[in-house]
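# Need the 3D shape of this:
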Amino acid sequence: MTPLASSAPFAFYLAFIVFYFLRPQAHWPVLGAFRPTVVLLALLAVVLLAYSNQLKGRLATPIAKPLLAFIAYIFISLPFVEWPGSVLRHHVEPFVLVVSLFFLTVWIVDSPQRLRRAVDVFILCQLARVLDPLRLHLTQGYWGSGAHLGGGEFMERLAGAPWDVVNPNGLGFVCVTALAFVHYCWLVHGSAMKRIFAFAAQPTIVYVLLLTGSRSALIALLVVVIGMVMLSRRRALLLAVVGVGAAATLSVMNPMQLDRFRSIYDATAVNASTAQGRTDSVMNDFRLGLQRPILGTGLGTSPEARAHDGRRAKKSHNLYTEALIETGLIGLVLYCVFIFTMLRYSWRRLSEIRKATEADTRRPRDPLEGILRSMTVWLPMALVFSLAQYGITEWHWYLIGGLVVAATRSDGRPTDARPDAAVIGRAAPIRRSFGAARSRTMGESSFPKSGLGGSLRTHPTGRIRLGGVLAKSQ
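Predicted coordinates for the structure are as follows:
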């Protein structure tokens with residue numbers, strides 16, 4: 001695939017990512033009047049129209065097909081759902097905004113260099129979302145949220161910064177996401193500067209996760225750690241590091257945090273009632289989804305469905321019941337196919353890279369291996385976390401899905417990479433123009449240095465000499 005010649009679409013794409021996650025319009029309200037994310041999205045659409053010929057075929061990927069089918073199903077079924085007016089008035093715009101992350105990534109992130117740059121910007125954005133509430137907590141005593149324990153007792157929980165849009169569970173998810181990508185993209189496969197920064201960032205991220213009091217995030221962290229151990233070639237060392245980290249984590253937790261995390265498995269804990277309440281809510285949502293099992297109530301309308309069922313008008317805190325309520329069984333199946341296709345192809349591409357490295361120990365480490373490892377441990381974690389978090393109109397499946405497409409279709413080499421020495425050594429035909437053939441019979445050729453360490457020279461017999469290997473020219 002030939003990358004886009006201009007860097008303008010990629011620059012606008014990175015700006016869109018920054019505005020979407022860091023929300024500078026929340027810091028400077030004057031920006032909010034211009035709706036910068038919508039403006040940037042419209043600008044990207046106009047810019048990409050100029051490259052429409054180059055973009056053809058980029059969506060011809062197994063990962064895009066179920067998502068396209070899901071989108072088509074949502075709009076085709078719109079007249080037949082229970083609340084089409086609510087869908088059109090309140091939920092189409094946020095869905096278009098998040099699903100555009102997938103298509104923009106697939107269309108624009110078209111080279112290994114751009115992929116690595118996009119992932120670095122993504123990591124920096126997530127770290128900013130993690131570190132800013134910590135800064136406010138340490139300097140101003142900020143928490144942002146709390147949990148009712150019953151009997152008039154409350155537990156303070158750290159939520160996202162005032163400019164962010166995430167509650168404690170959402171901040172916990174951001175923490176685990178940042179941890180997975182920082183570990184592989186910066187600590188294991190990064191430069192020396194990135195490794196130093198990652199080494200300091202990882203314990204800080206875990207500390208912020210503890211302040212959120214999110215049981216779902218703690219389980220997600222466990223899934224990520226298990227994935228890291230399974231992918232590691234030094235499992236004993238990694239297990240020792242994890243053990244030391246777990247002991248240090250337990251030493252800084254207060255009794256209320258310990259009780260909250262103990263309530264995951266202990267019904268006698270003070271926080272056990274809230275855990276049971278979440279389980280009961282999921283079962284009630286599943287029952288609600290079976291009332292309209294074919295088409296559902298409409299995209300984003302699970303709060304309305306819950307309100308009509310006599311409960312609080314909040315989104316279903318489970319991706320699978322959310323999809324069942326809003327899009328029916330058909331939508332649920334299509335969305336699950338989209339997710340599992342991502343997992344399948346990221347694992348397949350990572351396995352190919354690992355096998356190639358094991359077959360040739362002198363082969364340099366593929367620069368995309370860290371990104372693929374991150375996504376391979378992130379995807380199972382997100383599947384588990386979705387048992388306690390909604391996600392159809394959230395960013396993570398679409399952006400990560402686009403990055404999976406970008407990583408699985410790339411070979412990790414520079415876009416202008418030449419064929420390697422082995423290909424040239426097999427006497428691959430080399431075409432020369434008639435003018436070039438007449439202008440030189442001896443001397444230096446216009447070809448670059450070969451992988452064999454010598455230059456290409458034209459032999460009097462009409463063959464190309466490559467460091468001692470003669471290949472007949474055409």
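
# residues touching the nearest residue to Ile71 once chain neighbours are set aside, list them.
When the adjacent residues along the chain are set aside, Ile71 lies closest to Val99, with 6.7 Å between them (C-beta to C-beta, 6 or more residues apart in numbering). Using the backbone N, CA and C atoms, a C-beta is placed for each residue, glycine as well. If a contact means C-beta atoms under 8 Å, 6 or more residues apart in numbering, then Val99 has 67, 71, 398 as its contacts.

# go again using 10 Å as the cut-off
Taking C-beta atoms under 10 Å, 6 or more residues apart in numbering as the definition of contact, the neighbours of Val99 are 67, 70-71, 74, 392-393, 395, 397-398, 401-402.

# And for Leu68?
Counting by C-beta under 10 Å, 6+ apart, Leu68 touches 59, 102-103, 334, 338.

# got the buried residues for the host helix or strand of it?
When secondary structure is defined using DSSP states H and E, the element that contains Leu68 is helix 64-76. In terms of neighbour count (16 or more other C-beta atoms under 10 Å), helix 64-76 has its buried residues at 64, 66-67, 69-71, 73-74.

# Check whether Asn315 really touches Tyr390, as I assumed.
Check again: residue 315 is Lys, not Asn. Yes - counting by C-beta atoms under 10 Å, Lys315 touches Tyr390, with 4.6 Å between them.

# joint contacts of these two?
300, 302, 321-322, 326.

# ok now do the most centrally placed residue in the chain, which residues does it touch?
Averaging the C-alpha coordinates of the chain gives a centre point, and the residue nearest to it by C-alpha atoms, centre = their mean is Ile400 (2.6 Å). The neighbourhood of Ile400, defined by C-beta under 10 Å, 6+ apart, consists of 101-102, 105, 122, 177, 181, 339, 342, 346, 374-375, 378-379, 382.

# Next step: those restricted to strands.
Secondary structure assignment (DSSP state E) places none of the contacts of Ile400 within strands.

# tell me which of those is nearest to Glu352?
Closest approach between the contacts of Ile400 and Glu352, by C-beta to C-beta: Ser346, at 11.0 Å.

# Give me the neighbour count for that closest one.
Residue neighbour count, defined by other C-beta atoms under 10 Å, stands at 27 for Ser346.

# my guess is it meets Glu369, correct?
No - look at Ser346 against Glu369 with C-beta under 10 Å: they stay out of range, at 11.6 Å.

# Spit out the residues that contact those two alike.
By the contact definition C-beta under 10 Å, 6+ apart, Ser346 and Glu369 are jointly contacted by Ala407.

# still on that earlier bit, who wins for neighbours among the contacts of Leu68?
Counting neighbours by other C-beta under 10 Å, Phe102 comes out on top of these with 26 neighbours.

# ok, it - contacts?
Contacts for Phe102 were tallied using C-beta under 10 Å, 6+ apart; they are 59, 63-64, 67-68, 71, 338, 395, 397-405.

# ok, now with 7 Å
Contact criterion C-beta atoms under 7 Å, 6 or more residues apart in numbering gives 67, 398, 401-402 as the residues in contact with Phe102.

# Restricted to helices, list those.
Within the contacts of Phe102, membership in helices is found for 67, 398, 401-402, as judged by DSSP state H.

# and those residues as TSV, adding pLDDT?
Shown next, in TSV, are the ones in helices among the contacts of Phe102 (pLDDT from 0 to 100):
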residue	pLDDT
Leu67	96
Tyr398	96
Gly401	95
Gly402	96
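
# What strand or helix carries the nearest residue to Ser232 once chain neighbours are set aside?
Take Ser232 and drop its neighbours on the chain: the residue closest to it by C-beta to C-beta, 6+ apart is Leu238, 4.7 Å away. Leu238 belongs to helix 235-252 when elements are defined using DSSP H and E.

# For that helix, what does the pLDDT average out to?
Averaged across helix 235-252, pLDDT comes to 85.

# List the buried residues of it.
Buried residues in helix 235-252, counting neighbours by 16+ other C-beta under 10 Å, are found at Thr249.

# try stretch 334-354
334-339, 341-343, 345-347, 349-350, 353-354.

# One more: stretch 280-288?
Of the residues in stretch 280-288, those buried under the neighbour-count criterion (16+ other C-beta under 10 Å) are 281-282, 284-285, 288.

# any idea of the angle the helix or strand encompassing the residue nearest to Ile71 forms with helix 64-76?
Counting by DSSP H and E, the element that carries Val99 is helix 92-108. Put simply, helix 92-108 runs at 160 degrees to helix 64-76, going by axes from the mean of the first three to the mean of the last three C-alpha atoms, to 10 degrees.

# For the stretch 251-400 of the chain, give me the ranges with low pLDDT.
Judged by pLDDT under 70, the stretch 251-400 of the chain has its weakly predicted residues at 360-365.

# Okay, strands next: where are they in the protein?
If you assign secondary structure with DSSP E, the strands in the chain sit at 144-150, 153-158, 456-458, 463-466, 469-472.

# mind giving me the domain ranges of this structure?
In the domain annotation for the chain, the residue ranges read 1-56, 59-408, 421-472 (automatic domain parsing).

# most tightly surrounded among those domains?
Among the domains of the chain, ranked by average contacts under mean count of other C-beta atoms under 10 Å, first place goes to domain 59-408 (a mean of 18).

# okay, how far is it across it, tip to tip?
When the termini of domain 59-408 are compared using C-alpha to C-alpha, to the nearest Å, they are 13 Å apart.

# re the thing from before, which one of the buried residues of stretch 280-288 is nearest Leu44?
For the buried residues of stretch 280-288, the residue nearest Leu44 by C-beta to C-beta is Asp285; the value is 35.7 Å.

# measure the closest one to Pro94 for me?
Summarising the geometry, the distance separating Asp285 from Pro94, computed by C-beta to C-beta, to the nearest Å, is 20 Å.

# Throw the buried residues of stretch 280-288 into JSON lines and include distance to Ser232, thanks.
JSON lines is the format used below for the buried residues of stretch 280-288 (distance: C-beta to C-beta, whole Å):
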{"residue": "Ser281", "distance to Ser232": "37"}
{"residue": "Val282", "distance to Ser232": "33"}
{"residue": "Asn284", "distance to Ser232": "41"}
{"residue": "Asp285", "distance to Ser232": "37"}
{"residue": "Leu288", "distance to Ser232": "42"}
